[in-house]
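Peer 1: Need coordinates for the below:
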Amino acid sequence: MNVEELSNPTVKAAVTALHAGDRSAWLALFAPHATLTDDGNKRNYIEWSGSELFGKGNGRIINIESEEANGLTINTLFHSTVWGEFRTFWTFEIQGDKITRLDVGQLN
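Peer 2: You can find the predicted model right below:
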């Protein structure tokens, strides 16, 4: 599955920003008080994004394997320069066109 096939426009915009390495566009999609969890651990979405996606981790979605829950969950193959390659889920909660919650984690 490629980015153009994603059914939720906000999720599509988020993945597009991530693929482009566009931190500003990525962060602009989040509501000011959005929450994020990584493997169940609560993180500050700005700090996590800066470290895991746009900083030392240089994280990228290599492949979108599937989407579920009306496009609000995507299952992916993810690459991090720190952690290597592994399968992940990304579950978004969206109000209007803003991400209010993002849960990411490793799939077994």
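
Peer 1: Longest helix in this protein, please.
Peer 2: helix 9-20 (DSSP state H).

Peer 1: Show me what counts as buried in that helix.
Peer 2: Thr10, Val11, Lys12, Ala13, Ala14, Val15, Thr16, Ala17, Leu18 (16 or more other CB atoms under 10 Å). Yep, even glycine has a C-beta here, placed from its N, CA and C like the rest.

Peer 1: Count the residues that sit near the closest residue to the fourth one other than its chain neighbours.
Peer 2: If I follow you right, that is Ala13. The shortest distance from Ala13 to any non-neighbouring residue, by CB to CB, 6 or more residues apart in numbering, is to Leu29 (5.9 Å). Leu29: 19 surrounding residues under other CB atoms under 10 Å.

Peer 1: Tell me, what's the model's pLDDT at Leu29?
Peer 2: As predicted, Leu29 sits at a pLDDT of 98.

Peer 1: what about it, distance to Ser66?
Peer 2: Distance of Leu29 to Ser66, given as CB to CB, to the nearest Å: 21 Å.

Peer 1: so who does Ala14 touch?
Peer 2: For Ala14, the contact set (CB atoms under 8 Å, 6 or more residues apart in numbering) comprises Trp26, Leu29, Phe92, Ile99.

Peer 1: same check, this time on Asn58
Peer 2: Ser80, Thr81.

Peer 1: just to revisit the earlier point, any idea of the mean pLDDT for the longest helix of the chain?
Peer 2: Per-residue scores along helix 9-20 average to 97.
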